[in-house]
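following is a predicted model, sequence given first.
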Amino acid sequence: MENDLQALDRWAGGLLAQLEPAGRRAVTRDVARELRRSQQTRIAAQRNPDESPFESRKPRTGKGGKQRDKKGRIKRAAMFAKLRTTRYLNVESDALGLAVGFAGRVSRVARVHQYGLRDKVAPKGVEYKYPARSLLGFTAQDRELIRDVLLKHITK
């Protein structure tokens, strides 16, 4: 991901330098909003940036190897439904750059899943090594989207 950011910075840096600070703020604001929408859509589709599906949840078993009843069941709804909302997936932009990411307490949950770290399942529960599920990242469509938004602003 770092190489993607460096290549994008090299390509867009020269184009953005031609704009006034107000124009750069407008471009970065629009790019940040579009990137957030793109990330939200991809997370809702349960896809990594390389278009592979997220690894599914680990099946839970109760006592004696039986599947848990309703009280302890695993939700089969899409993962990260709240994380992908605009409340938690924040955008910051100014004339110098932009950032799309998670802030506050949910950033810890996002980091654990992004990098596949170990964390406790419940506050006093057991630790579990979560599989890596890339919540944030660039896809080929994201690169095209950034290019299109930049060119739209520059050709005005």
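Arrived safely, thanks for sending.

what's the biggest helix in this structure, counting residues?
In the chain, assigned by DSSP state H, the helix with the most residues is helix 21-44.

list the helices and strands the helix or strand just after it packs on?
The element immediately downstream of helix 21-44 (helix or strand, assigned by DSSP states H and E) is strand 89-93. Identification of packing neighbours for strand 89-93 by 3 or more C-beta pairs under 8 Å, 6 or more residues apart in numbering; DSSP states H and E yields helix 21-44, strand 98-102. (C-beta placed from N, C-alpha, C; glycine too.)

against Lys156, how distant is the residue positioned nearest the centre of the chain?
Nearest to the geometric centre of the chain sits Leu136, at 2.7 Å (C-alpha atoms, centre = their mean). According to C-beta to C-beta, to the nearest Å, Leu136 stands 29 Å off from Lys156.

got it, and Asp142?
Distance of Asp142 to Lys156, computed by C-beta to C-beta: 22 Å.

and Ser107, by the same measure?
Going from Ser107 to Lys156 by C-beta to C-beta gives 35 Å.

okay, these two: which has more neighbours?
Ser107 (15 against 8; other C-beta atoms under 10 Å).

other SSEs contacting whichever helix or strand the more buried one is part of?
Element membership for Ser107, per DSSP H and E: helix 106-115. Helix 106-115 sits against strand 98-102, with contacts defined as 3+ C-beta pairs under 8 Å, 6+ apart.

wait, what's in contact with the residue nearest to Phe80 when sequence neighbours are not counted?
Leaving aside its sequence neighbours, Phe80 sits nearest to Ile43 (C-beta to C-beta, 6 or more residues apart in numbering; 5.4 Å). Counting by C-beta atoms under 8 Å, 6 or more residues apart in numbering, Ile43 touches 80, 83-84, 135.

repeat that for 6 Å
Ile43 sits next to 80, 84, 135 when contact means C-beta atoms under 6 Å, 6 or more residues apart in numbering.

try Pro49
With C-beta under 6 Å, 6+ apart, Pro49 has these contacts: 134, 137, 139.

which of those are buried, as a PyMOL select command?
The buried subset of the contacts of Pro49, as determined by 16 or more other C-beta atoms under 10 Å, is captured in PyMOL by this line:
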select buried, resi 134+139
